[in-house]
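> model this:
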Amino acid sequence: MSSDNLKTIKRIHLEPIPISRPKVQDLLVEQADDESLRAIFDKYATHKILNQKAIKSEDFIQKYLGLLSEKDANEKTLKILANLVDVNKDGYITYDEFKIFEELLCSPDVLFKTAFQLFDTRGTGLVSFDDFKEILSHTILNQLIPFDFESDFVNNLFGKDKQRQINYQEFSQIIHDFHEEHAMQAFKKFDIQKKGYILPSNFKTILLQMKANLLSPYVRENIDTLITKSTDQSVITYPHFVAFIYLLNNMELIKKIYMTISDENPNKEVSKGQFLKEAQQFSQVTPYEINILFSLIKNLRDDEKITLKDLEKIAPLEEKRMPYRVTAKLAEETQIFQNRNIGLQFLESGYRFLLGSIAGAIGAFAVYPIDLVKTRMQNQRSKSYVGEVMYRNSWDCFKKVVRHEGVLGLYKGLTVQLIGVAPEKAIKLTVNDFVRDKFVQYTGELPLYGEVIAGGMAGGCQVVFTNPMEIVKIRMQVAGEIQSMARSEKTIKIVRELGIFGLYKGVRACLLRDIPFSMIYFPTYSHVKKSFADENGHNSVMSLFYSGLIAGVPAAGLCTPADVIKTRIQVRERQGQTQYNGVIDAMVKIYKEEGAKAFWKGSGARVFRSSPQFGVTLLSYELLQRMFWVDFGGRKPEGSQIDISKDIKHGEIVSLNSEHIGGFKLATVTFAGIENKFGLCFPKFNKVQQ
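Numbers count the residues shown, from 1 in each chain. Predicted coordinates:
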C-alpha cells in the first residue's frame, strides 16, 4: 500500500464526526426560550471575559448544577466536570457555552454525548489514548480494580503506538464494550494461579463493583445465596462467570422468550424444558444461561417453574425505568400538558363533566336509602315538644320507614337527587381534577397544599348545584314523617314555594360543610389509593373502591356538625319547632336546647352513606375513564397504568435547583445516568469519606 493511501486512512480516522443537532420532535424535553435562559445565566455570571459575561466553570458545576459539595470537593473531579461544559477550555462558561450545554441535555442520546465530551478533554471532537487513560484512571472503579491500559483491547482501539484517535460514533460502541473487557481483566487478576476459576467472594466483588447496574435490589440483597445456588461447584469457573454476566445482560430477551411461551400471560408457569426449547431460536441465549436462571429462581420457589414476576425479581432496572429516562418522560408529558390550547382544556373538562355526571348518579342511587335515614335523624328535635322523638336510632328509623311507607319510601326525593347529583358530582370531580392539574410539577409530583386547595375549590363550586338539590330533597325526605304531608310534597310545588332565592337558603352552612369535606376527602383518597397500588403502581378495582370508602370516613364524620346545621336551616319548620335564622343562630340554639351531642346526630348514618357513596362514585369515575379514555394531551388517571417512577426515590428525579429550565431539568439525572450506565463514577471528595 502506498504512503499516500496510508495518509488518507490516517486522515479519515483522525477527522472528527460532528455531533449533529437532533430534530425538534426527537428532543427529550423542549429547549428553554432564549430570554429565560439569558436571565438565569446573567444571575450566575459574575465574571467578564473579553467583554462577555461569564460563569466560572467550577461555579457552574457547584452553584448552578449543584453536583458537588463546595467544601472539600475533589478538585480533579470538579475539573473534569467543568471541562465538559467549557468548550473553549479557558475556565469560564460564556452564554453561548451555557446554551450549547442546555441543548445537549435535550438530545435523545444525551448520555453518550455527555460521556464523550467528558473524554474529549481538548475539545477537538476526538478522544486520544491520553484522554481515555486520564478519565478512566480517575474513576473509583479503576482505583479498586485497575484497568490494563496495555491490553490488546486498548491496542486494537488506539493502535500499538497509541497514536490513533476515536470519534463520537466509535466511542459510543467502545464505551459499551469497555465494561466487558474490564470485567474479564478482573477475572484474570483474581485468578492468580491461572487455574481458570476464582472464589465466590471474588465474583461478588466483581458484580458489586463492576456490574452494579445489572443487579436488581433482590439480587443485591441475596447475592451470596444466589452465587452459591447458581453453581454446584465451590468455585466460579470462567464459563460460569461469562454465562452469569451474559444472563444479566440478556434479561430483557429472557422476558421476551417467556412472553412468547406463555402467550403473553404474565402469570403462566413455564417449565425449564419449555424455556430451553424456545431459547434455541435465539443465538444470544445458551443452555448454560438458562440453567443458571432456574438455579436463581430456586431461591424464590421450590418447583422448576417460572413466571414473569420471578423474572422481574432478577432482572435489572429496565432502561425506561432509569431515573434519567423517567425524568425525561415526565418532563416531556408536562411540556405537552402545559402547552395545550384552551380548546383542548375545555373539551377535557367537558369529558370529565360527562363521566362525573354518570358516576355521581350511580353513587347516589346506591346509597340513597341511607341518605334518607340520615336526614330524618338529623331533623329529629329532642326538646321541642313532647312526643316528637320518633326514632331511637338509625336502624329504628330504617325499619319504621319501611313499615309505614313501604320500600319505596326509602327512595323519596330520589328523582330530584339524581337530577341534581349529576351536575353536582360532575362539577366537584371536574374542578378538583382541573385545579390539581395546575399544581402538578414537571416531575409528576403534586404538593399536599395543591391537593387541599383543589379539593376546597371543588367543594365550593359544587354548592351552586348542591344547595337547591338538597333543600328540595330534604323537604321531601322528611315529608313522610307526617301522614298528611306524605302525598302533598311534590318537587315542583316545593321549588315554586321556595323561589330562586329560597333554593339557596342555608348556602353558608352548605359551604361550611362541602369545602372542608372536599379538602379532607380528595387528598386522603389520593394517598390511600397510592398505598393500595400494587408494586407497579397500578390500582385494582377493589383497591379503588376501598380507597374511596376509607377516605369518606374522616371527611364525612368531621363535617357532620355543619351538615346538621344545614339540615335544620333548610327543612320546613313544623308548628312548635324552633326556627333558625342563619348559621350562627342555629349553632347557638341547637347547643342551648339539645347540647353538643346534637351536632353529631346522624353521624353514623352520614358516614355509612357518604363513604360507600363516594367509594362507588370514585370507582365508577375512574373505571369510566379507563374504559372510555380520550387523550386530550393530559395525564391518565393515577393508578390506571404502570407507574415507571414508583420505585425511584423522589430525590433522584427532581432537579436540585428550581432555576433549572429546559434541558437543565435533566442535568442532575444525566450525570447520575452516566455513573450508572457507564460506570464513570468519580470521587466526590479530596479524602476518602468513611
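> For Leu446, what are phi and psi?
Reported as degrees, to the nearest 10, the phi and psi values for Leu446 are phi -120, psi 110.
> Looks like it contacts Val435 (just checking).
No - when contacts are counted by Cβ atoms under 8 Å, Leu446 is not listed as touching Val435 (10.4 Å). In short, each C-beta sits where N, CA and C put it, glycine included.
> Lys425 is in what secondary structure piece?
Assessed by DSSP states H and E, Lys425 sits inside helix 414-439.
> chain center to that helix, what's the gap?
What separates the centre of helix 414-439 from the centre of its chain is 25 Å, taken as Cα atoms, centre = their mean, to the nearest Å.
> just stretch 42-53 next, same as before
Going by Cα atoms, centre = their mean, where stretch 42-53 is centred and where its chain is centred differ by 39 Å.
> now swap in stretch 124-141 and tell me
If you compare the mean C-alpha spot of stretch 124-141 with that of the full chain, they lie 37 Å apart, counting by Cα atoms, centre = their mean.
> Give me the residues contacting that stretch.
By Cβ atoms under 8 Å, 6 or more residues apart in numbering, the residues outside stretch 124-141 that reach it are 14, 16-19, 76-77, 80, 116, 118-122, 142, 147, 149, 154, 157-158, 162-168, 171, 182, 209-210, 679-683.
> Point out where the stretch 551-690 of the chain drops to low pLDDT.
Within the stretch 551-690 of the chain, the stretches falling below the threshold (pLDDT under 70) are 572-577, 633-635, 639-657, 686-690.
> tell me the average confidence for stretch 173-181?
In this model, stretch 173-181 has an average pLDDT of 86.
> So Val110 sits against Thr670, correct?
Yes - because the distance of 5.6 Å satisfies Cβ under 8 Å, Val110 is recorded as touching Thr670.
> ends of stretch 151-162, how far apart?
12 Å (Cα to Cα, to the nearest Å).
> buried set for it?
Applying a neighbour-count criterion of 16 or more other Cβ atoms under 10 Å, one finds 153-154, 157-158, 162 buried in stretch 151-162.
> so of these, which ones are in strands?
The strands, defined by DSSP state E, take in nothing from those.
> so can I have TSV of the residues you listed showing distance to Gly506 and pLDDT?
Compiled in TSV, those are given as follows (distance: Cβ to Cβ, whole Å; pLDDT from 0 to 100):
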residue	distance to Gly506	pLDDT
Phe153	82	92
Val154	83	93
Leu157	82	91
Phe158	84	93
Lys162	87	92
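> I'd like those written out as JSON lines, with distance to Ser234 added.
Putting the buried residues of stretch 151-162 into JSON lines (distance: Cβ to Cβ, whole Å) gives the following:
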{"residue": "Phe153", "distance to Ser234": "31"}
{"residue": "Val154", "distance to Ser234": "34"}
{"residue": "Leu157", "distance to Ser234": "37"}
{"residue": "Phe158", "distance to Ser234": "40"}
{"residue": "Lys162", "distance to Ser234": "41"}
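> Which ones among these lie within helices?
Taking DSSP state H, the ones among the buried residues of stretch 151-162 that sit in helices are 153-154, 157-158.
> and which of those residues is nearest to Lys400?
Within these, the smallest distance to Lys400 is 89.2 Å, found for Phe153 (Cβ to Cβ).
> wait, the closest one sits on Glu180?
No - the criterion here is Cβ under 8 Å, and Phe153 misses it with Glu180 at 9.3 Å.
> So, low pLDDT: which residues of the stretch 401-550 of the chain?
Counting by pLDDT under 70, the stretch 401-550 of the chain has low-confidence residues at 416-417, 420, 442-444, 477-491, 535-536.
> Where does the closest residue to Tyr521 other than its chain neighbours fall, secondary structure wise?
Using Cβ to Cβ, 6 or more residues apart in numbering and skipping the chain neighbours, the partner closest in space to Tyr521 is Ala555 (3.8 Å). Of the helices and strands defined by DSSP H and E, Ala555 is found in helix 541-558.
> Can you list the helices and strands that the helix or strand just after that helix packs against?
Of the helices and strands lying after helix 541-558 in sequence (DSSP H and E), the nearest is helix 560-570. Packing partners of helix 560-570 (3 or more Cβ pairs under 8 Å, 6 or more residues apart in numbering; DSSP states H and E): helix 342-379, helix 448-479, helix 507-532, helix 583-594, helix 603-627.
> Can you add distance to Ala562 and mean neighbour count and give those back as JSON lines?
Listed next are the helices and strands packed on helix 560-570 as JSON lines, based on distance: least, Cβ to Cβ, whole Å; neighbours: other Cβ atoms under 10 Å:
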{"stretch": "helix 342-379", "distance to Ala562": "11", "mean neighbour count": "20"}
{"stretch": "helix 448-479", "distance to Ala562": "11", "mean neighbour count": "22"}
{"stretch": "helix 507-532", "distance to Ala562": "4", "mean neighbour count": "21"}
{"stretch": "helix 583-594", "distance to Ala562": "8", "mean neighbour count": "16"}
{"stretch": "helix 603-627", "distance to Ala562": "11", "mean neighbour count": "22"}
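> can you tell me which of these comes nearest to Thr237?
Ranking the helices and strands packed on helix 560-570 by proximity to Thr237 (Cβ to Cβ) places helix 507-532 first, at 46.4 Å.
> how far out from the middle of the chain is that closest one?
With Cα atoms, centre = their mean as the basis, the distance from the averaged C-alpha position of helix 507-532 to the chain average is 22 Å.
> What helices and strands are in contact with it?
Under the contact rule (3+ Cβ pairs under 8 Å, 6+ apart), helix 507-532 is packed against helix 414-439, helix 448-479, helix 541-558, helix 560-570, helix 583-594, helix 603-627.
> host element of Leu78?
Leu78 belongs to helix 75-85 when elements are defined using DSSP H and E.
> on that earlier part again, elements contacting the helix holding Ala555?
Counting contacts by 3+ Cβ pairs under 8 Å, 6+ apart, helix 541-558 is packed against helix 507-532, helix 603-627.
> Centre of the chain to the shortest one, how far?
Yep, that's helix 603-627 we're talking about. Remark: helix 603-627 is offset 24 Å from the chain centroid, using Cα atoms, centre = their mean.
> What helices and strands are in contact with it?
Packed against helix 603-627 by the contact rule (3+ Cβ pairs under 8 Å, 6+ apart) you find helix 342-379, helix 394-405, helix 507-532, helix 541-558, helix 560-570.
> now the second one: how far from the chain's centre is it?
Computed by Cα atoms, centre = their mean, the separation of helix 394-405 from the middle of its chain amounts to 48 Å.
> Number the residues from 30 up from this point.
New numbering, starting at 30: the last item is helix 423-434.
> Centre of the chain to the top strand by length along the chain, how far?
In the chain, with assignment by DSSP E, the single longest strand is strand 81-85. Taking Cα atoms, centre = their mean, one finds strand 81-85 lying 38 Å from the centre of the chain it belongs to.
> Export that strand to PDB, keeping only CA atoms.
What follows is strand 81-85, C-alpha atoms only, in PDB (Å, rounded to 0.1, in the frame of the first residue of the first chain):
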ATOM      1  CA  GLN A  81     -18.600  39.000  27.700                       C
ATOM      2  CA  LYS A  82     -20.400  37.900  30.900                       C
ATOM      3  CA  ALA A  83     -19.200  34.500  32.100                       C
ATOM      4  CA  ILE A  84     -19.600  32.000  34.900                       C
ATOM      5  CA  LYS A  85     -16.500  30.400  36.400                       C
END
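> Could you pull up the mean pLDDT of that strand?
91.
> Please identify which of the helices and strands packed on helix 589-599 is closest to Thr289.
Distances from Thr289 to each of these were compared using Cβ to Cβ; the shortest belongs to helix 632-656, at 27.6 Å.
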